[in-house]
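1. Sequence below, structure please.
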Amino acid sequence: MILAHSAVETPSYAQELSMERGPDGQKVIRKIDPCLVTREEIIPLRLPDFDQAALWKKVSGLDGEDIARALLAVRDGGQIAIGEARILNDQKKIGKPLIRMMRTNRDGKVVAEVWVPVKNLRHVRDAVLVKDRVIILAEKDDNNDMALINLNGAGELKEEYNIPDRTTLTPVAMTTLRGGETLVVVARAAAPNHPEDYYTVIMWLDKSGRIISRKEYLPGIPSQPEWVGRLPDDTLLVIGRIKTEDGREAGWIMKLSKSGDIMFQRPYARGMDSTFRSAIQTKDGHIIAVGDAIPSDGQDKAAWVAKIDREGNLVWQKYLTGKYIYGARDVIELSDGRVSVLLAGQVSRDGGRDHARVVTLSPPGLVVADESFVEGTHTLPLRLINQNDKRTILGMTETGFTDNNVEDDQKYAAFDLWVMGLAETPPSAYECKSVKPQELDTLP
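-> Residues are numbered from 1 along each chain as shown. Predicted coordinates for the structure are as follows:
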């Protein structure tokens, strides 16, 4: 593994990271090759700089907890944030879960905001936007493990479809096939006699919740899916983690045809434990998968970014570290081929504030921009979307204070929903330009 620093957009920072000692002992700037691919690299990030501009931001919530789950891009340039909320009553007790929806326009103005009660709701897990409907994947308390709940664009409840299953399932994530008529739901299932042995179940549903197809994926060792997405060619990507034979948790990627046939699946073991949390397919056909890795030497958890080819082979991987505990939550591709990775920075040994960080990398894996954001006391980011290179973050922000000894079901009681529109990422100073291939025979 190579311990290295990559250049960053801010000139002083790039120069600082590029310093080397010259023959006379003086520091000189190291020339950076923007096309050089370093297959494995640890990148120590500088301390976060929270003095950065945003196009707009919204913080909203009632007295209680707001937990973010999904951020959906609307065709008119706006956004729909979906989550769950539990409101404190007069006795300061947490109430029953509600569906939380906030819709903003392209300028960040709130145009709809609702808290929707649903009978026996336990958790909101994910959501997709299909034409004029927001379809929400929910977990229920009754005999139906899962449900699809449909809202219109104003947040009004339209339909609810329970999805019974023969096994106990925990819904995880959802996507759609091309056209939006078929939903793909990924869930975690537990073996009846061995509840610690998780495996993956995927369902293909129509919009009314009718099961078109159902498949179980049992790779022989416990697997925990974290995310599912549709790639441009209508294939599916399921990512998460899987337990290796030596007992470690490893990042896991499974690529499927649209009907569920396995094209490849692989574990990617790193450090003591690791997991993938989100992914995209870039314009060149590669996969960028992001998540977390815990080093074997006991150091703080690092954000993990990996570029993977069509067959599942690693092209390069980066570990983003610093004075905080970092984990990668989401990733997008910009129009010029760069990728922006959303990091959650959590307080480590040296104190500080939990915050959101967006690190942008060039296709060869060079860090070319680094932005940090915080709102309230602490910020927990979750999702990052791209709308014609306009980036929007969804997360939660702590606007009050909670007791450190508070029970688990009230630890987010002081958090509200947080949505922020980011300024455009400046052009990179470290552009890798393609070179025309050479030919042996050029004469007539």
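
2. for the protein, what spans make up the helices?
-> Residue ranges of the helices in the chain, as given by DSSP state H, are 11-17.

3. out of everything not next to it in sequence, what's closest to Val37?
-> Pro364 (4.8 Å; Cβ to Cβ, 6 or more residues apart in numbering). No exception for glycine: its C-beta is placed from N, CA and C like everyone else's.

4. neighbours of the one you found, just the number please.
-> 17 (other Cβ atoms under 10 Å).

5. What separation is there between it and Pro426?
-> Going from Pro364 to Pro426 by Cβ to Cβ, to the nearest Å gives 19 Å.

6. cool, Ile212 as well?
-> Ile212 sits 46 Å away from Pro426, taking Cβ to Cβ as the criterion.

7. cool, Leu417 as well?
-> 29 Å.

8. Give me the pLDDT value at Asp409.
-> Note on Asp409: pLDDT of 56.

9. can you offset everything so residue one is 129?
-> Done: numbering now begins at 129, and the last item shifts to Asp537.

10. Leu200 touches Gln207, doesn't it?
-> Yes. Using Cβ atoms under 8 Å, Leu200 makes contact with Gln207 at a distance of 6.7 Å.

11. More neighbours: which of the two?
-> Gln207 (24 against 18).

12. For that one, which residues are in contact?
-> With contact taken as Cβ atoms under 8 Å, 6 or more residues apart in numbering, Gln207 is in contact with 199-201, 231-232, 513, 515, 520, 522, 547.

13. try 7 Å
-> By Cβ atoms under 7 Å, 6 or more residues apart in numbering, Gln207 lies in contact with 199-201, 232, 520, 547.

14. now these in CSV, with distance to Thr298 and pLDDT?
-> Shown next, in CSV, are those (distance: Cβ to Cβ, whole Å; pLDDT from 0 to 100):
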residue, distance to Thr298, pLDDT
Leu199, 22, 98
Leu200, 22, 98
Ala201, 27, 97
Thr232, 30, 97
Thr520, 28, 98
Val547, 27, 97
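
15. Nearest to Ala213 among those residues?
-> Val547 (14.6 Å; Cβ to Cβ).

16. That closest one touches Asn233, doesn't it?
-> No. Using Cβ atoms under 7 Å, Val547 is not in contact with Asn233; the gap is 11.6 Å.

17. So if I had to pick from the two, which one is more boxed in?
-> Neighbour count, other Cβ under 10 Å: between Val547 and Asn233, Val547 has more, with 24 against 15.

18. what about the closest residue to that one other than its chain neighbours, neighbour count?
-> Nearest non-adjacent residue to Val547, counting by Cβ to Cβ, 6+ apart: Lys186, 4.9 Å away. Other residues near Lys186 come to 19 when the count uses other Cβ under 10 Å.

19. Pro395: what's it in contact with?
-> Contacts of Pro395 by Cβ under 7 Å, 6+ apart are 370, 372, 378, 380.

20. I'd like to know how far the first one sits from Ile422.
-> What that stands for is Ile370. From Ile370 to Ile422 the distance is 15 Å (Cβ to Cβ).

21. Between these two, which has more neighbouring residues?
-> Remark: of Ile370 and Ile422, Ile370 carries more neighbours, 27 against 21, as counted by other Cβ under 10 Å.

22. wait, that one sits on Met382?
-> No. Counting by Cβ under 7 Å, Ile370 stays clear of Met382, with 9.1 Å between them.
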